[in-house]
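[1] Fold the following and give me the result.
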Amino acid sequence: MQTDRPIFILGCPRSGTTMLQLMLHAHPRVAIPPETRFMISAYQRRLQFGDLDDAGHRRELGEWVVDRRQSRFHELELERDEVLEQIVGGPPTLGSALGIVLRAYAARHGKPRWGDKRPSYFQYTDVLLRLFPDAQFVHLIRDGRDCVASLKEMPWYNGTVYSAVSAWAEAIDFARYGAPKLPGGSYHELRYEDLTAEPEAHLRRLCEFLGEDFDPAMCDPGAVAGVAVPARKTWHARTFGEVTTARAGSWRDRLDPGEVSLCESVLGDRLQTYGYELTGAPKAETSRLMSYERTAAKRKLARVKRIAFDRLIRLREPNPLGARLTSAQIVLAGVPMPRTEPVAAGR
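    Down below sits the predicted model:
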């Protein structure tokens with residue numbers, strides 16, 4: 001039986017999530033748009049939108065999504081007014097309003113399943129489950145040294161090597177300790193190196209998890225890159241080509257010896273847990289390890305503060321948050337399913 005559960009792709013930045021997005025978007029039943037920037041922001045501002053039982057408040061929420069440049073709604077190439085009216089006329093929950101945008105993107109491509117991709121979603125699976133209680137998560141994992149090397153080269157990255165190392169550690173710690181706590185059947189992980197080496201085999205396993213039939217088009221993500229990757233994202237140029245293993249292990253030419261030592265000193269056990277071999281590099285200098293610890297501690301404190309603040313906000317929510325768009329969401333919300341009246345005899 002086919003499902004309509006939403007799909008969310010996550011992972012450390014520069015782990016190949018855009019390639020995976022395109023692989024799924026190439027499936028005839030699945031549409032995953034370019035990264036949106038309204039999901040978590042809307043959740044964090046949910047009290048500002050007030051009681052969504054009020055159609056006027058739903059309109060304010062819809063306008064916030066479709067009119068903010070930061071939301072990236074314009075990159076979805078949807079009709080603004082049409083989507084806005086769908087939000088206003090839709091179920092009165094935050095998850096429904098946000099899901100309607102993703103559903104509209106899928107409808108534009110003639111597909112029934114929708115979802116979203118953003119690497120940092122691994123920090124917000126609890127939020128996404130509040131919004132979409134039937135969500136399925138796909139976590140792509142890549143050698144942390146490659147992620148660090150790639151992050152350093154990005155024009156939009158303004159962090160340090162320490163924050164890059166910390167980001168990968170957080171993503172792996174989520175996989176090791178957070179993912180097992182997710183509902184059964186909602187989490188699947190795969191390695192970038194395996195996916196690029198044997199795309200069909202690993203995409204077949206992914207499709208089995210999603211409850212979909214494998215389609216060979218998924219092995220040629222470059223064919224849909226022109227549709228699902230904004231032209232401004234020049235750093236995704238390789239997604240227009242064939243799937244290749246050429247970038248696996250490229251950190252050897254992109255990290256200096258001190259950076260390799262830092263990565264392996266901090267991430268060594270995590271790397272080995274996921275099958276990545278260490279070089280035996282000497283332990284990183286104490287000063288660099290201390291710099292990393294300070295960075296990691298700041299990031300952890302910010303995360304703890306965010307979670308604590310969110311718990312306080314939950315006490316003031318005027319409405320349930322869960323979407324009521326898919327069959328499972330409607331059941332979980334306790335909304336009665338439409339009745340099919342029997343046809344009277346003789347008619």
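[2] quick one, what contacts the closest residue to Gly178 other than its chain neighbours?
    Nearest residue to Gly178, sequence neighbours excluded (CB to CB, 6 or more residues apart in numbering): Thr125, at 6.8 Å. C-beta coordinates here come from the backbone N, C-alpha and C atoms, glycine included. Thr125 sits next to 8, 10, 137, 174, 178, 182 when contact means CB atoms under 8 Å, 6 or more residues apart in numbering.
[3] got it, and Arg103?
    Applying CB under 8 Å, 6+ apart to Arg103 gives the contacts 114, 325.
[4] cool, and Glu82?
    With contact set as CB under 8 Å, 6+ apart, Glu82 has these partners: Ala104.
[5] Give me the below-cutoff pLDDT ranges for the protein.
    Judged against pLDDT under 70, the low-scoring parts of the chain cover residues 1, 227-241, 336-347.
[6] give me that answer again for 50
    Under the criterion pLDDT under 50, the flagged ranges of the chain are 235, 343-347.
[7] sorry, back to before: and which of the contacts of Thr125 is nearest to Glu242?
    Nearest to Glu242, judged by CB to CB, of the contacts of Thr125 is Leu10 at 24.6 Å.
[8] I'd guessed the closest one sits against Asp116; true?
    No: taking contacts as CB atoms under 8 Å, Leu10 lies outside contact range of Asp116: 9.5 Å.
[9] what's the spacing between the residue lying closest to Leu325 once chain neighbours are set aside and Arg324?
    Distances taken as CB to CB, 6+ apart place Gly99 nearest to Leu325, at 4.8 Å, with adjacent residues excluded. The gap separating Gly99 from Arg324 is 9 Å, by CB to CB, to the nearest Å.
[10] Which one's more surrounded, these two?
    Gly99 (27 against 19; other CB atoms under 10 Å).
[11] Next, find the distance separating the more buried one from Phe174.
    Using CB to CB, Gly99 is found at 23 Å from Phe174.
[12] Off-centre distance for the longest helix along the chain?
    Ranked by residue count and defined by DSSP state H, the top helix of the chain is helix 286-314. Offset of helix 286-314 from its chain centre (CA atoms, centre = their mean, to the nearest Å): 21 Å.
[13] which residues touch Gly322?
    Applying CB under 8 Å, 6+ apart to Gly322 gives the contacts 93, 95, 130-133, 329, 332-333.
[14] if you set the cut-off to 6 Å instead, what comes out?
    Each residue near Gly322 by CB atoms under 6 Å, 6 or more residues apart in numbering is listed here: 93, 95, 133, 333.
[15] Relative to Gly334, how far out is the closest residue to the last one other than its chain neighbours?
    What that stands for is Ala333. In this structure, Ala333 finds its nearest non-sequential neighbour in Arg324, 4.9 Å apart by CB to CB, 6+ apart. Arg324 sits 10 Å away from Gly334, going by CB to CB.
[16] Out of the contacts of Thr125, who's the most crowded?
    Sorting these by how many neighbours each has (other CB under 10 Å) puts Leu10 first, at 27 neighbours.
[17] State the phi and psi torsions of it.
    phi -140, psi 170 (degrees, to the nearest 10).
[18] Nearest residue to it in space, please, no chain neighbours.
    Closest to Leu10 by CB to CB, 6+ apart is Tyr121, at 3.9 Å.
[19] okay, now the one you found: neighbour count?
    23.
[20] do Gln44 as well
    Applying other CB under 10 Å, we find 15 residues neighbouring Gln44.
[21] Please report how far it lies from Gly11.
    In terms of CB to CB, Gln44 sits 22 Å off from Gly11.
[22] Can you read off the backbone torsions of the closest residue to Leu182 other than its chain neighbours?
    Spatial nearest neighbour of Leu182, excluding adjacent residues (CB to CB, 6+ apart): Thr125 at 6.4 Å. The phi and psi values for Thr125, taken as degrees, to the nearest 10, are phi -60, psi -30.
[23] returning to what we had before: neighbour-wise, which one of the contacts of Gly322 leads?
    If you rank these by neighbour count (other CB under 10 Å), Gly95 sits at the top with 27 neighbours.
[24] which ones are touching that one?
    Neighbours of Gly95 in contact, by CB under 6 Å, 6+ apart: 131-132, 321-323.
[25] Also Arg254?
    Counting by CB under 6 Å, 6+ apart, Arg254 touches Ala149.
[26] let's go with 8 Å and repeat that
    149-150, 152-153.
[27] With respect to Met218, which of those residues is nearest?
    Top of the list for closeness to Met218, among these and by CB to CB, is Ser150 at 23.2 Å.
[28] before we move on, the earlier item: so what's the residue nearest to Leu325 up against?
    For Gly99, the contact set (CB under 8 Å, 6+ apart) comprises 6, 114, 131-132, 323, 325.
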